[in-house]
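Engineer: Model the following, please.
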Amino acid sequence: MFDYEMLRLIWWALLGVLLIGFALTDGFDLGVAALLPFVARSDAERRMVINSIGPTWEGNQVWFILGGGAIFAAWPFVYAVSFSGFYLAMFLVLAALILRPVGFKYRSKRPDPAWRARWDWALFVGGLVPALVFGVAVGNVLLGAPFRLDGDLRAFYDGTLIGLFTPFTLVCGLLSVAMLVLHGAAWLSIKVEHGPVHDRARTFGTVAAIASILLFATGFAFVAWGDIGYRIVGAVDPLGPSNPLRMTAERAGGAWLDNYATYPWMMASPALGFAGAALALVGIRRGREVLAFAGSSLAATGIIATVGCAMFPFILPSSIDTHSSLTVWNASSTPKTLGIMLFVTLVFLPIVLAYTAWAYRVMFGRVTAEAVRTNPDFY
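Structural biologist: Now for the predicted structure:
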């Protein structure tokens, strides 16, 4: 039904959809966890915050698993290089994420305030660290990863964990934190009853919205005027075999903006990032909770789409051997694999979306201090 070029494009778009889905769902879970020690001061208030995401956080992690599975099946070269090269960073993320389920389950097992405070900080780490590392990882993808492929397509990674943290990648990491904290604050404004927690969430949401705009603009300036960017040299065969060594690429400052000049419609992505954050700021300041959450969702969508549009057709460029860079055209699975996966996705993704929508509808409503005190099913 689709030729090889179209299948590759579809799966590039689906990968973006899965990443955005993860940011929109599990993103506010991470943001809420990062805000926990600051918006809630008493045990009852912290239980309110925890239970605002308690019914949905496990289901939201499905998007993270789907994203990893999609990279593994649709872009095996990308999976092999990124998950092995960034192994220590991935391990740091997984260790932080493991703290979340343990924190949720064990926090209220004992009434000891010190016990509960330690688990509250564990939940904070489980929210902040993944948000920061995900942003740093995206920054390193934009800079290019220090890997190379030999004649047998074996990958060799020459980087270190410390080397992942540069001024540009830290800006990306802080942008990720600000974006998800804004999303989490907007979620809290919808999910918790009006009172001290609600008011503090609005305060932190205001700061996060302003920080998101400033950091997004700073990152854009790095890309526009720094030595950041790659472009393909010579002809490209979208129907050709997946062999990275058949492509020639070069590093060029500002090259990540080439697509915006060629396809002006792509400017909708950064515009959406800025406009969404501004809309969230307006919604938070005026007490329009739904508007704030819609704005934070649009901001996350626009920021992630900006990276995807800027890099196309690159997925993971190499900073030490540009000819080893992985793109949409040279790093995908076979047409048969992509076709079968597309069929499975078209069948099951609507089911996942329908169930997710139903679950949110059933569990809709504000968490109140009274419910925390009386409901035995709450954390």
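Engineer: Which positions in the helix or strand hosting residue 38 come out as buried?
Structural biologist: Residue 38 belongs to helix 4-39 when assigned by DSSP states H and E. Across helix 4-39, burial judged by 16 or more other C-beta atoms under 10 Å covers 4, 7-12, 14-36, 39. Any C-beta I mention is one placed from the backbone N, CA and C, and that applies to glycine too.
Engineer: same deal with stretch 93-100?
Structural biologist: 93, 96-97, 99-100.
Engineer: JSON lines please, covering those residues and showing pLDDT, secondary structure and distance to residue 347.
Structural biologist: As requested, these are arranged in JSON lines below (pLDDT from 0 to 100; DSSP: H, G, I helix; E, B strand; the rest coil; distance: C-beta to C-beta, whole Å):
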{"residue": "93", "pLDDT": "88", "secondary structure": "helix", "distance to residue 347": "30"}
{"residue": "96", "pLDDT": "90", "secondary structure": "helix", "distance to residue 347": "33"}
{"residue": "97", "pLDDT": "88", "secondary structure": "helix", "distance to residue 347": "28"}
{"residue": "99", "pLDDT": "88", "secondary structure": "helix", "distance to residue 347": "35"}
{"residue": "100", "pLDDT": "87", "secondary structure": "helix", "distance to residue 347": "30"}
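Engineer: and which of these is nearest residue 106?
Structural biologist: Closest approach to residue 106 among the buried residues of stretch 93-100 (C-beta to C-beta): residue 99, at 10.2 Å.
Engineer: The closest one and residue 125 touch, don't they?
Structural biologist: Yes - counting by C-beta atoms under 8 Å, residue 99 sits close enough to residue 125 to count as a contact (5.9 Å).
Engineer: Name the SS class of residue 240, please.
Structural biologist: Following DSSP: H, G, I helix; E, B strand; the rest coil, residue 240 is assigned to coil.
Engineer: What's the per-residue pLDDT of it here?
Structural biologist: pLDDT for residue 240: 82.
Engineer: Could you do the one 4 residues further on as well?
Structural biologist: Among the per-residue scores, residue 244 shows a pLDDT of 82.
Engineer: That one: what's it in contact with?
Structural biologist: Contacts for residue 244 (C-beta atoms under 8 Å, 6 or more residues apart in numbering) come out as 77, 149, 153, 323-327, 330-331.
Engineer: are any of those buried, and which?
Structural biologist: Buried by 16+ other C-beta under 10 Å: 77, 149, 324-327, 330-331, out of the contacts of residue 244.
Engineer: still on that earlier bit, quick one: which of the contacts of residue 244 sit in helices?
Structural biologist: The members of the contacts of residue 244 that map onto helices under DSSP state H are residue 77.
Engineer: Show me the two of the contacts of residue 244 that sit farthest apart.
Structural biologist: Spatial extent of the contacts of residue 244 (C-beta to C-beta) is set by the pair 153 and 327 at 14.5 Å.
Engineer: a markdown table for the buried residues of stretch 93-100, including distance to residue 255?
Structural biologist: Converted to a markdown table, the buried residues of stretch 93-100 look like this (distance: C-beta to C-beta, whole Å):
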| residue | distance to residue 255 |
| --- | --- |
| 93 | 29 |
| 96 | 33 |
| 97 | 34 |
| 99 | 39 |
| 100 | 38 |
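Engineer: the strands in this structure, which residues?
Structural biologist: Residue ranges of the strands in the chain, as given by DSSP state E, are 147-149, 155-157, 230-232, 249-251, 314-316, 326-327.
Engineer: Direction included, what does the fifth one pair against?
Structural biologist: In this case it means strand 314-316. strand 326-327 (antiparallel) (DSSP bridges).
Engineer: for the fourth one, same thing?
Structural biologist: Strand pairing for strand 249-251, using DSSP bridges, gives strand 230-232 (antiparallel).
Engineer: Check the offset of the partner strand from the chain's centre.
Structural biologist: Offset of strand 230-232 from its chain centre (C-alpha atoms, centre = their mean, to the nearest Å): 24 Å.
Engineer: Equivalent analysis for stretch 228-235, please.
Structural biologist: 26 Å.
Engineer: and if you look at stretch 56-74?
Structural biologist: The mean C-alpha position of stretch 56-74 is separated from the chain mean by 11 Å, C-alpha atoms, centre = their mean.
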